[in-house]
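Student: Provided below are the primary sequence and the corresponding predicted coordinates.
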Amino acid sequence: MKTPPLNLPRACLLGLLVLVTGCSDEGVNPVFEAALEEVNPFDGDGDAAAGEAAPTRTAPSRAAIERADVATIRARLVTDNAATYLLATSRNGPYVTYVSALRQGLTLAGTQVTGTRGLGFDLLSATSSQPDPLTRPIPVASWPDGVTRSFEFPASGPQGRIDTYECRFERGETRQITILEKTHTGIEVSEVCTGPSGSFENLHFADASSGQVWRSLQWTGPRQGLIDIEVVLPFTGNTN
């Protein structure tokens, strides 16, 4: 299985990602704002008027994220150099939406990416056949042979373009990865998908017993490509 180093990461979506950015008519939700400051603290308080350098955001620690106590993921398009931290801001049934300090958004069902906003060539929605070990954890030994995945992309006209892919799982080696100071042991799983735009490969790193996917590289379209997601603090319940 060819894999990049892993120790480096239409249900209601159209309105949901606009509504859950932590803002209201009164401004930024204070709980969301406080969590962002824990996860993305400013380093320094420079005064631009006095010619001082503007403050920059420093890399968060796991302790800071645990103090914020909000489900957190770290994500980047594989074409980007830097990863972004996103915090869970809303839940709608199985869908949890994560938003960054720059108001970029990802909606996940479990660890399956079902929508993106503000990343460039966004994915409107994604669905899959069941059982899908990305949407609900399954011990790796019990993963199905494969799943069917459908993706909706922007297109001319009122309805987007929907492409469907047949995907097959292939289990790899047991190994360890570290995600923001915490080490996980799990199994690498390759997922090769074939459909209208050719083929692509997703890669997953899952706990063998629980099936929790800690890291996943997932295709989000022929133009946007793969997104690398690391689960820093998993979602376990309702958002505030």
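Tutor: Perfect, thanks for sending it. Because the structure is a prediction, the values reported are computed rather than measured.

Student: With only the CA atoms kept, save the lengthiest strand in the chain in CSV.
Tutor: The longest strand of the chain (DSSP state E) is strand 161-179. Coordinates of each C-alpha in strand 161-179 appear next as CSV, following Å, rounded to 0.1, in the frame of the first residue of the first chain:
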residue,chain,number,x,y,z
ARG,A,161,-23.5,17.1,-10.2
ILE,A,162,-23.6,13.7,-8.4
ASP,A,163,-20.8,11.2,-9.1
THR,A,164,-20.8,7.7,-7.6
TYR,A,165,-17.7,5.6,-6.9
GLU,A,166,-17.2,1.9,-5.9
CYS,A,167,-14.6,1.6,-3.2
ARG,A,168,-12.7,-1.4,-1.8
PHE,A,169,-10.8,-1.6,1.5
GLU,A,170,-7.4,-3.2,1.9
ARG,A,171,-6.0,-3.7,5.4
GLY,A,172,-2.3,-2.8,5.9
GLU,A,173,0.2,-2.9,8.7
THR,A,174,-0.2,-2.2,12.4
ARG,A,175,1.7,0.9,13.5
GLN,A,176,1.7,3.9,15.7
ILE,A,177,1.1,7.6,15.0
THR,A,178,1.3,10.6,17.2
ILE,A,179,-1.3,13.3,16.9
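
Student: Mind giving me the packing neighbours of it?
Tutor: strand 146-153, strand 182-195, strand 198-206, strand 213-219, strand 226-233 (3 or more C-beta pairs under 8 Å, 6 or more residues apart in numbering; DSSP states H and E). From N, CA and C alone the C-beta is placed, and that goes for glycine too.

Student: what's in contact with the third one?
Tutor: Okay, so that is strand 198-206. For strand 198-206, contacts defined as C-beta atoms under 8 Å, 6 or more residues apart in numbering pick out 1-4, 6, 111, 133-134, 137, 140, 165, 167, 175, 177, 184, 186-193, 212-219, 226.

Student: Let's see that with 7 Å instead.
Tutor: 3, 6, 140, 177, 186-193, 212-219 (C-beta atoms under 7 Å, 6 or more residues apart in numbering).

Student: Repeat that for the last one.
Tutor: The list of residues contacting strand 226-233 from outside it, by C-beta under 7 Å, 6+ apart, reads 9, 65-66, 71-78, 111, 113, 179-180, 214-220.

Student: just how off-centre is stretch 198-216 within its chain?
Tutor: Distance of stretch 198-216 from the chain centroid (C-alpha atoms, centre = their mean, to the nearest Å) equals 12 Å.

Student: Mind listing what's buried along it?
Tutor: 200-207, 211-216 (16 or more other C-beta atoms under 10 Å).

Student: First-to-last residue distance for it?
Tutor: 21 Å (C-alpha to C-alpha, to the nearest Å).

Student: isn't residue 114 right up against residue 108?
Tutor: Yes. Using C-beta atoms under 7 Å, residue 114 is in contact with residue 108, at 6.5 Å.
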